[in-house]
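Chemist: Fold the following and give me the result.
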Amino acid sequence: MVAQPGRITRKHAHRIHKWFVYYSGTVLRANDLRECGIVRQGLVFTKGIPMTTNSGPVVEPMNWGRIVWGGLVAGVIVNLFEYGGHRVYFDDAWTAAFRVLGKSPAGWSTFIPANFLVGILMVWLYARLRPRYGRGPKTALRSGLSIWVVFWVIPLMAIVPMELFPTSLLVMAIGLGLLDANLAVLVGAWLYQKRS
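Modeler: Just a heads-up that it's a prediction; the model follows:
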């Protein structure tokens, strides 16, 4: 069916709705579409489910201020654990591993800004998962585990076949990442919810 000038079909309304939900995180209701002049009569169907005529968002939009605040606190936790673990607890093991390569461990401070970004990413992912899985620690841990796999497990396991560092040291670093990523996301998610 070809849309006539000034008339939006259900198919076009569905596309507009999907685009809006994707970019804003807010579900439009039929009244919202009518107010925009997209639908003049009847209900708009999204994947076979009629939209109600109640106004207001079904999904709470993401609050970027809370995401950044919770993410920065989560980044502080990640930085404390990573610094304490690698620079204090594992320092002898890292020094010995680098000595075999003819180098000395340096540049740990370059990870500090990256860990703040990882913290923000964890809280952002938690905010994105909340509409699907609900609020609370289970959803936060889903976010933490996802980020842990991407930023700790995959990169460190990719180094194992190169035999640059002892496998036991890399496994301990992965274990430390599991601890700090999940603790950080729990605190960041709690701050995200508390300020709502």
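Chemist: From now on I want contacts and neighbour counts done on CA atoms only, so please keep to that.
Modeler: OK.
Chemist: So for stretch 132-151, first residue to last residue, what's the gap.
Modeler: One end of stretch 132-151 sits 23 Å from the other (C-alpha to C-alpha, to the nearest Å).
Chemist: Repeat that for stretch 131-141.
Modeler: 15 Å.
Chemist: can you pull the buried residues of that stretch?
Modeler: For stretch 131-141, the neighbour count (16 or more other C-alpha atoms under 10 Å) marks 135, 137, 139-141 as buried.
Chemist: Same check on stretch 163-172?
Modeler: 165, 169-171.
Chemist: Then stretch 108-118?
Modeler: Neighbour counts using 16+ other C-alpha under 10 Å place 112, 115-118 of stretch 108-118 among the buried residues.
Chemist: could you show me where the strands are in the chain, in order?
Modeler: 45-46, 49-50 (DSSP state E).
Chemist: Contacts made by stretch 65-81 with the rest, please.
Modeler: Stretch 65-81 has contacts (C-alpha atoms under 8 Å, 6 or more residues apart in numbering) with 112, 115-124, 127, 176, 180-181, 183-185, 187-192, 195-196.
Chemist: Show me which positions of that stretch end up buried.
Modeler: Using 16+ other C-alpha under 10 Å as the test for burial, stretch 65-81 gives 66-79, 81.
Chemist: Domain parsing of the protein, as residue ranges.
Modeler: Per the record, the chain has its domains at 1-61, 64-194, by automatic domain parsing.
Chemist: Pick out the shakiest of these, pLDDT-wise.
Modeler: Confidence, taken as mean pLDDT, is least for domain 1-61 of those (a mean of 53).
Chemist: Next one: residue 61 from residue 194, what distance?
Modeler: Taking C-alpha to C-alpha, one finds residue 61 at 15 Å from residue 194.
Chemist: Compare those two and say which is more crowded by neighbours.
Modeler: A count of neighbours by other C-alpha atoms under 10 Å puts residue 61 above the other of residue 61 and residue 194, at 15 against 10.
Chemist: So that one versus residue 165, what's the distance?
Modeler: Distance, residue 61 to residue 165, using C-alpha to C-alpha: 44 Å.
Chemist: hang on, the earlier thing: let me know the closest of the buried residues of stretch 131-141 to residue 100.
Modeler: Comparing the buried residues of stretch 131-141 against residue 100 with C-alpha to C-alpha places residue 141 closest, at 37.2 Å.
Chemist: Skipping adjacent residues, who's closest to the closest one in space?
Modeler: Nearest in space to residue 141, with sequence neighbours left out and distances taken as C-alpha to C-alpha, 6 or more residues apart in numbering, is residue 182 at 6.0 Å.
Chemist: Select the longest helix from this structure.
Modeler: Secondary structure assigned by DSSP state H gives helix 167-194 as the longest helix of the chain.
Chemist: tell me what that one is packed against?
Modeler: If you count contacts as 3 or more C-alpha pairs under 8 Å, 6 or more residues apart in numbering; DSSP states H and E, helix 167-194 packs onto helix 64-82, helix 111-133, helix 137-148, helix 154-159.
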